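Student: Got a sequence here, can you build the structure:
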Amino acid sequence: MPFRAVHQVGRLVEIRGNSPLTLGEMEEIFSKLSALISTVGQKRMVACTDIRALRVLPTGGAEKLIDFMRSDHPQVERSAFVLASDNAILYLQTTRVLEAAGADPSAAMRRSFRDAAEAERWLSEVLTPVEAKRLHQFLTESSPPID
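Tutor: Residues are numbered from 1 along each chain as shown. Predicted coordinates for the structure are as follows:
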């Protein structure tokens, strides 16, 4: 599976993905994320999605992501998508997704970044020191292969 989602500390949910990605795999990761959201408990989660190794969303993937984002918004405090700086296609796709999900009040709490350090700074504003330390580790570790 080209995506992995884990909850290791506090409210931080870590998501990492690479290509290729299918619609079926997107549905699997959304199911896993829904379960992870419940492990965060009463607090609203802070998510970091590192998709620097993802080249493009599959056909229909943007719509699935929009639907998921609209369904999870009460549980999300902030969510950052970290993209490769040279990936214009995925940047346009995520921009469209975030704009389409903008009908929800939570949309301002979701952003895409082409610079991991910027995403880290933005998310760290609402994280505890322990969560911020883990976020830094997550964003700076070399991307391990995803099974």
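Student: Please, where are all the strands along the protein?
Tutor: In the chain, the strands defined using DSSP state E lie at 3-9, 12-18, 45-53, 76-82, 110-113.
Student: can you tell which of those strands is closest to residue 125?
Tutor: strand 76-82 (8.1 Å; Cβ to Cβ). Heads up, the C-betas are built off the backbone N, CA and C, glycines and all.
Student: Run a quick neighbour tally on residue 113.
Tutor: 20 (other Cβ atoms under 10 Å).
Student: Quick one: residues contacting the residue most central in space within the chain.
Tutor: Compute the mean C-alpha point of the chain, and by Cα atoms, centre = their mean the closest residue is residue 49, 2.8 Å away. By Cβ atoms under 8 Å, 6 or more residues apart in numbering, the contact list for residue 49 reads 15, 16, 17, 79, 80, 81, 82.
Student: Now tabulate these in JSON lines and tack on pLDDT, neighbour count and distance to residue 89.
Tutor: Formatted as JSON lines, the contacts of residue 49 follow (pLDDT from 0 to 100; neighbours: other Cβ atoms under 10 Å; distance: Cβ to Cβ, whole Å):
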{"residue": "15", "pLDDT": "93", "neighbour count": "21", "distance to residue 89": "20"}
{"residue": "16", "pLDDT": "93", "neighbour count": "23", "distance to residue 89": "19"}
{"residue": "17", "pLDDT": "89", "neighbour count": "22", "distance to residue 89": "15"}
{"residue": "79", "pLDDT": "92", "neighbour count": "23", "distance to residue 89": "21"}
{"residue": "80", "pLDDT": "95", "neighbour count": "23", "distance to residue 89": "19"}
{"residue": "81", "pLDDT": "94", "neighbour count": "26", "distance to residue 89": "14"}
{"residue": "82", "pLDDT": "96", "neighbour count": "25", "distance to residue 89": "16"}
